[in-house]
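Asks: With the input below, show me the fold.
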Amino acid sequence: MKFKLILLLFIVLFGKTNAQEISLDSLNKLAKTYVCVDVKKSDSLSNIVINRANSKAHLNQLGFAYKNLGTNLLCLRKLDESINFLLKSDSLFKKSKNIRDQSKLLNNLAVAYRIKGDFDKALNAGKKQLVIAEKIKSDTIKAYAYATISTIYSNKALVDSTAIFAQKALVMAKKLNIEDLIWKMNLSLGIASQENKDFEKALEYYLDLEPLLIKLNVPSNLTMLYNNMAGSYMGLKQLEKAKISYEKNLQLSIESSNQHSELASYSGLAHVYSDMDKYNISNTYYLKTLTLAEEMQIADIKIDALSNLTNNYYALGEFKKAIKYGEEAIALAKEKGFLKKEIETYNYLFLIYKKIGNTAKALSSLEAHNKLEKERLEKEKSNTILELQTEYEVEKKGLLAQNALKEKAIAIEKSKQNRNYFLGAICIAILILFSSIMFYGKNNARKKAELISLELKETQKRLALEKQYRHSELKALKAQMDPHFIFNALNSIQEYIILNQKNLASDYLGKFADLMRKYLNHSDKRLIPLSEEIDCLNMYLELEAIRFEDKLEYKLIVDKSLNIEDIKIPTMLIQPYVENALKHGLLHKKEVGKVLISLNTFSEKQIVTCVVEDNGIGRKRAEELSVKRNLLHKSFASKATESRLNLLNYGRKTQIGVLYEDLFDTDNHAIGTKVTISIPYSKA
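Replies: Numbers count the residues shown, from 1 in each chain. As a prediction, this is how the structure comes out:
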């Protein structure tokens, strides 16, 4: 009655056309609250939406309605009908471009296909959900997609794939704190490890999961955990821990009236006590297993309990009871078709009869055992042969299909050849026609050639402008470089003045002024004679020798075959490398620093080679000192020199090259640095 009043209220409030969209949305939301809880109410509301919605104007609302109907059918395990409605919903969401809700729907569709056993379609739906999650950048949907795919692989018994996707889902679930996924994926990873016989790894997942499930306090989830945990302990032969896990499972099962879990606990405890050789306690639990299995009509567990009671009573020497339960186990196994248990129990009876000296029955049991074992092996062999035959038939059909396709392809190829001959004749006719057209098209071609010539000239102009631009950049960079050296020199003069060393300051200032005069003369020149560069280097080194006092020795050696007046090189090219040797190599050296500068030439290649060699602390130690002083950025001179080299090398076939070489003594200690600069030159 209450539900009908709610329905009437919705129809009254939202009956008008201009409020129809709100009404449909509200009905869908209400229907969703009843999904899988009150299926009739949920379906009634969803059907109202379907009847009232316009198939073109309300695609989204129809999509939600069909999704609710499909999900209800999934809960009722009406899988074919569920899939039909979910596919309709998927189509509607796709048309309305509502990919977010489409991705959520695909999760339900994957579940429906998985339960039905159509794993390929389930996997396809899960992967589609993952693609959409990537597209809309939703980590939550991505986590659920990974979990869905993992579960499908688990059903396909693909343990490694199960673990891979479960791990991905777990990482994202922990990041997003989705507790429902965290415990499910931990459990899934534990089961996958258990199936791989990696019981220790499985227990890591189970023990990590236990506090969360205790916090969530859902008994059915905890019983699932403790049952699997006990199985792993059994695999490791840690029987006491297995017993504790089964006892926890049993207590929760009884408290929550979970008969399936209770049955698993009884059976598990019976196995544990049997492995402990505590057969009387084991039998108590097997009898409880037997009683509950009969009540629940679960034949396989009942047969297992009867067969194991046979073995336990045999171990206790109570042969009458052992024979009684053995015969019951065989009768039920024969009736239900559990061949392996029947064979196993016949083996127990053979041992019992042999023990008590009943040779006839022992022989009869052995014959029955051997006969059934032979049947089992023949059945397995027959199944194997059948599988091979099936594979052969499939391959044969495949080969026949391939041959048919080949014959068809040959026929098509012949048809193509005939068509090609015909087309060839047509092409010849067309070529003759085009030849005549081309004759008249020469004038157009000439005009196009003129246009291309004009474009080429324009391109040349652009290249010339670009070259001028590069040249202007180079001048600007040189202008940056010179002030940097001036700054360092003036600092030295200032230091002499502060220390009241007027003569040194005056001497240094005079030499500095001469050097600046030369730099000013060079400032507008792209190239200078090598002789002027050498003069500048001499003057620069004299200035630095004064600043270093008695701690600097230098030599500048010029090859006599070098025509220093005729050879022209870019201005102030060598000085930055000499400065770098002094500043980083020799400045921190306690002993006398030495710099050797040598200039040679390869006249046939028109290259001047300049070698700057110092006996400093080495590049590695210099870098360590820079780090200690927090000088993590490149020095101005290094950056400027590097940029300048890039500009100078722009468009050159033979480029200026710089090679650094660290020098070491026989004990592998740094004894300096060697820099080789290869400079292509032009003659005056």
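Asks: how does this structure divide into domains?
Replies: Listed domain ranges for the chain are 1-78, 237-295, 526-683 (source: automatic domain parsing).
Asks: and those domains, which is most packed in?
Replies: Ranked by average neighbour count under the criterion mean count of other Cβ atoms under 10 Å, those are headed by domain 237-295 at a mean of 19. Bear in mind the C-beta positions are built from the backbone N, C-alpha and C, glycine included.
Asks: thinking again about what came up before, closest one to Leu520 among the domains of the chain?
Replies: domain 526-683 (11.4 Å; Cβ to Cβ).
Asks: On the three-state scheme, Leu659 is what?
Replies: Following DSSP: H, G, I helix; E, B strand; the rest coil, we place Leu659 in the strand state.
Asks: out of everything not next to it in sequence, what's closest to it?
Replies: Thr676 (4.5 Å; Cβ to Cβ, 6 or more residues apart in numbering).
Asks: check contacts around that neighbour.
Replies: 609-611, 657-659, 661 (Cβ atoms under 8 Å, 6 or more residues apart in numbering).
Asks: quick check, nearest of those to Lys243?
Replies: Glu661 (73.3 Å).
Asks: where's that closest one relative to Lys674, distance?
Replies: Distance, Glu661 to Lys674, using Cβ to Cβ, to the nearest Å: 4 Å.
Asks: One more: Glu195?
Replies: Taking Cβ to Cβ, one finds Glu195 at 65 Å from Lys674.
Asks: Turn the domains of the chain into CSV, including mean pLDDT and distance to Lys406.
Replies: Converted to CSV, the domains of the chain look like this (pLDDT from 0 to 100; distance: least, Cβ to Cβ, whole Å):
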stretch, mean pLDDT, distance to Lys406
domain 1-78, 73, 45
domain 237-295, 91, 57
domain 526-683, 82, 57
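Asks: As a markdown table, these with distance to Ala425 would be great.
Replies: Below are these laid out as a markdown table (distance: least, Cβ to Cβ, whole Å):
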| stretch | distance to Ala425 |
| --- | --- |
| domain 1-78 | 54 |
| domain 237-295 | 81 |
| domain 526-683 | 54 |
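Asks: for those, which one sits closest to Ile430?
Replies: domain 526-683 (47.7 Å).
Asks: check contacts around the closest residue to Gly593 other than its chain neighbours.
Replies: In space, and not counting its chain neighbours, Gly593 is closest to Leu586: 3.2 Å by Cβ to Cβ, 6+ apart. By Cβ under 8 Å, 6+ apart, Leu586 lies in contact with 548, 551-552, 593-595, 614-617.
Asks: which residues sit against stretch 176-186?
Replies: 139-140, 143-144, 147, 150, 166-167, 169-170, 172-174, 205-206, 208-209, 212-213, 216, 221.
Asks: Can you say which of the residues you listed are buried?
Replies: Listed as buried from the contacts of stretch 176-186 are 143-144, 147, 150, 166-167, 169-170, 172-173, 205-206, 209, 213, 221; burial here means 16 or more other Cβ atoms under 10 Å.
Asks: Nearest to Ser282, out of these: which one, please.
Replies: Closest to Ser282, out of all of the buried ones among the contacts of stretch 176-186 and judged by Cβ to Cβ, is Tyr206, at 24.4 Å.
Asks: three-state assignment of the nearest residue to Met185 once chain neighbours are set aside?
Replies: Excluding its sequence neighbours, the residue lying closest to Met185 (Cβ to Cβ, 6+ apart) is Leu170, at 4.0 Å. Secondary structure assignment for Leu170 (three-state DSSP): helix.
Asks: pLDDT at Leu170, what is it?
Replies: On the pLDDT scale, Leu170 is placed at 87.
Asks: Quick check: it touching Leu189?
Replies: Yes - here Leu170 lies in contact with Leu189, judged by Cβ atoms under 8 Å, at a distance of 6.7 Å.
Asks: what does stretch 250-261 contact?
Replies: Residues contacting stretch 250-261 (Cβ under 8 Å, 6+ apart): 219-220, 222-224, 226-227, 249, 262, 264-266, 269, 292, 296.
Asks: rerun that using 10 Å as the cut-off
Replies: By Cβ atoms under 10 Å, 6 or more residues apart in numbering, the surrounding residues in contact with stretch 250-261 are 218-227, 249, 262-266, 268-269, 285, 288, 292, 295-296, 298.
Asks: State the number of residues packed around Asn227.
Replies: Residues near Asn227, counting by other Cβ atoms under 10 Å, number 20.
Asks: Would you mind checking the average pLDDT for the helix or strand encompassing it?
Replies: Assigned by DSSP states H and E, Asn227 belongs to helix 219-235. Averaged across helix 219-235, pLDDT comes to 89.
Asks: who does that helix touch, helix- and strand-wise?
Replies: helix 179-195, helix 199-216, helix 239-255, helix 259-275 (3 or more Cβ pairs under 10 Å, 6 or more residues apart in numbering; DSSP states H and E).
Asks: so what sits against both of Glu661 and Lys674?
Replies: Joint contacts of Glu661 and Lys674 (Cβ under 10 Å, 6+ apart) are 611, 613.
Asks: List the contacts of Arg547.
Replies: Taking Cβ under 10 Å, 6+ apart, one finds 488-489, 491-493, 495-496, 504, 508, 582 in contact with Arg547.
Asks: one more time with 8 Å
Replies: Applying Cβ under 8 Å, 6+ apart, we find Arg547 in contact with 492, 508.
Asks: any idea which helix or strand carries it?
Replies: Counting by DSSP H and E, Arg547 is found in helix 530-548.
Asks: Give the pairing partners of the next helix or strand after that helix; include direction for each.
Replies: Moving toward the C-terminus from helix 530-548, the first helix or strand encountered (DSSP H and E) is strand 552-558. Within its sheet, strand 552-558 is paired with strand 593-602 (parallel), according to DSSP bridges.
Asks: Other residues contacting the partner strand?
Replies: Contacts for strand 593-602 (Cβ under 8 Å, 6+ apart): 530, 534, 537, 541, 548, 551-559, 561-562, 567, 574, 578, 581-582, 585-586, 607-616.
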